[in-house]
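[1] Task: produce atomic coordinates for the following.
(one chain, ligands or ions: 2)
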Amino acid sequence: MYVAGHRGLVGSAVCRRLAAEGFRDVVTRTSTELDLRERAPVERFFDEVRPDVVVLAAARVGGIGANSTYPAQFLSDNLRIQVNVMDAAARVGTPRLLLLGSSCIYPKFAEQPIREDSLLTGALEPTNDAYAIAKIAGILQVQAVRRQHGLPWISAMPTNLYGPHDNFDPEASHVLPAMLRRFHEAARDEAPVVTCWGSGTPRREFLHVDDLAEACLFLLRHYDDPAPVNVGTGTDVTVRELAELVAGIAGYRGRIEWDATKPDGTPRKLLDVSRLRDLGWSARTGLADGVRDTFDWYLRALEPAV
Ligand SMILES: NC(=O)C1=CN([C@@H]2O[C@H](COP(=O)(O)OP(=O)(O)OC[C@H]3O[C@@H](n4cnc5c(N)ncnc54)[C@H](OP(=O)(O)O)[C@@H]3O)[C@@H](O)[C@H]2O)C=CC1
Ligand SMILES: C[C@H]1O[C@H](OP(=O)(O)OP(=O)(O)OC[C@H]2O[C@@H](n3cnc4c(=O)[nH]c(N)nc43)[C@H](O)[C@@H]2O)[C@@H](O)[C@@H](O)C1=O
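    Numbers count the residues shown, from 1 in each chain. Ligands and ions are numbered 1, 2, ... in the order given. A predicted model of the protein is given here:
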């Protein structure tokens, strides 16, 4: 099995899960060892390794700030990574491939909770339209390969994720790691005010990445259909509620202010998870427990190596 993106949030969780289940032959490459945007090395890698399963969790990923600032890179890098990997995998006849998409592929004003069949029924959220188009192309490529080559490839659409090995960069990260870091530093420095982005009114659904990893392996074992599958918890919170939860866990007691010059993004993004639930899988980690677990991991990661 080849896990592309094994050092990232999702790829590292998939590798932890595989290790826990006793898998020994997991092939990995860092982006320095194998830049998936470059076609020739990807072709050579697939000729050499011929993986029986590919989990495609390598991508250029970021929060609302990074997506709105670098749309050209989000479009180009993700298209190139996906096309190179899937072309090479199809050429060598890779029997099983799981593509990771994202809930941002759905229309900005999709009916909530968002069903898989709302794909391509309306306009996208402008802060992540470039990234979403690349991801939609990936779903279409999975479906096209199934039709043309008869390979049972599948795609999963996770909601907003969090957990160990997330990106905690204040400008480029997603909201949950950004808040964990900001509230931790404010608690440590006894800052009287913390400013978060936007209005705090958008609603988001958060899935612990260990649950996602379990769902990925579940789908590889039990799902074989062209339609993408949503992966989420089925519940959401406002960004303001999230801020209060994270502040409490990080031990921050000061004021929270909102910077209306920053974008809110899509007003609500709650996935309909009935397809996956009907197959027999549901998320297990509650948000408060998951945030506590991630905060503990973050504190340990800050400790100097001995
Ligand atoms: N994070 C989230 O909230 C969500 C993520 N997803 C999806 O899950 C997938 C994984 O995301 P996530 O784990 O969060 O992302 P991360 O940014 O944590 O990890 C991305 C990984 O991709 C690898 N990568 C990036 N560019 C290249 C490249 N040019 N060549 C080879 N490898 C590359 C990186 O490798 P290296 O470390 O070696 O540089 C890194 O390990 C993505 O498809 C994303 O769309 C979907 C929904 C929500
Ligand atoms: C996974 C998903 O991730 C992105 O979409 P998003 O859901 O909007 O993700 P986000 O986590 O960055 O923001 C969620 C909400 O939170 C608010 N917010 C408050 N304070 C901070 C803050 O400090 N940082 C960030 N990033 N957001 C903040 C922010 O204003 C917004 O209202 C896309 O890249 C998209 O492509 C994608 O796939």
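[2] ranges for the strands of the stretch 1-150 of the chain?
    Per DSSP state E, counting those that start in this stretch, the stretch 1-150 of the chain carries strands over the ranges 2-4, 53-56, 96-100.
[3] Who are the packing partners of the last one?
    This points to strand 96-100. Packing contacts for strand 96-100, counted by 3 or more C-beta pairs under 8 Å, 6 or more residues apart in numbering; DSSP states H and E, involve strand 53-56, helix 71-91, helix 129-149, strand 154-158, helix 209-222. Using the backbone N, CA and C atoms, a C-beta is placed for each residue, glycine as well.
[4] residues from the stretch 1-150 of the chain in reach of ligand 1?
    5, 7-11, 30-31, 35-37, 57-61, 81, 100, 102 (C-beta under 6 Å from any ligand atom).
[5] Now intersect those with the helices, please.
    Judged by DSSP state H, those include Leu9, Val10, Gly11, Ile81 as members of helices.
[6] can you redo the residues you listed as a markdown table with neighbour count and pLDDT?
    Shown next, in a markdown table, are those (neighbours: other C-beta atoms under 10 Å; pLDDT from 0 to 100):
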| residue | neighbour count | pLDDT |
| --- | --- | --- |
| Leu9 | 21 | 98 |
| Val10 | 27 | 98 |
| Gly11 | 23 | 98 |
| Ile81 | 24 | 98 |
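[7] Among those residues, which one sits closest to Ala260?
    Ala260 has its nearest neighbour among these in Leu9, at 28.7 Å by C-beta to C-beta.
[8] what residues are up against the closest one?
    Counting by C-beta atoms under 8 Å, 6 or more residues apart in numbering, Leu9 touches Val61, Leu161, Tyr162, Gly163, Pro164, His165, Asp166, Asn167, Val209.
[9] again with Pro164
    Leu9, Ser12, Ala13, Val209, Asp293, Thr294, Trp297, Ala301.
[10] so what's the residue in the stretch 1-150 of the chain that ligand 2 sits nearest to closest to, chain neighbours aside?
    The minimum distance from the stretch 1-150 of the chain to ligand 2, using C-beta to the nearest ligand atom, falls at Gly63 (2.8 Å). Nearest non-adjacent residue to Gly63, counting by C-beta to C-beta, 6 or more residues apart in numbering: His174, 4.1 Å away.
[11] which ones are touching the closest residue in space to Val239 that isn't next to it in sequence?
    Excluding the flanking residues, the one nearest Val239 by C-beta to C-beta, 6+ apart is Gly200, at 4.9 Å. By C-beta under 8 Å, 6+ apart, the residues touching Gly200 are Thr238, Val239, Arg240, Ala243, Trp258.
[12] which one of those residues is nearest ligand 1?
    When the contacts of Gly200 are compared against ligand 1 (criterion: C-beta to the nearest ligand atom), the nearest one is Val239, at 14.2 Å.
[13] looking at it, the closest one is touching Gly198, isn't it?
    Yes - assessed by C-beta atoms under 8 Å, Val239 is found in contact with Gly198 at 6.6 Å.
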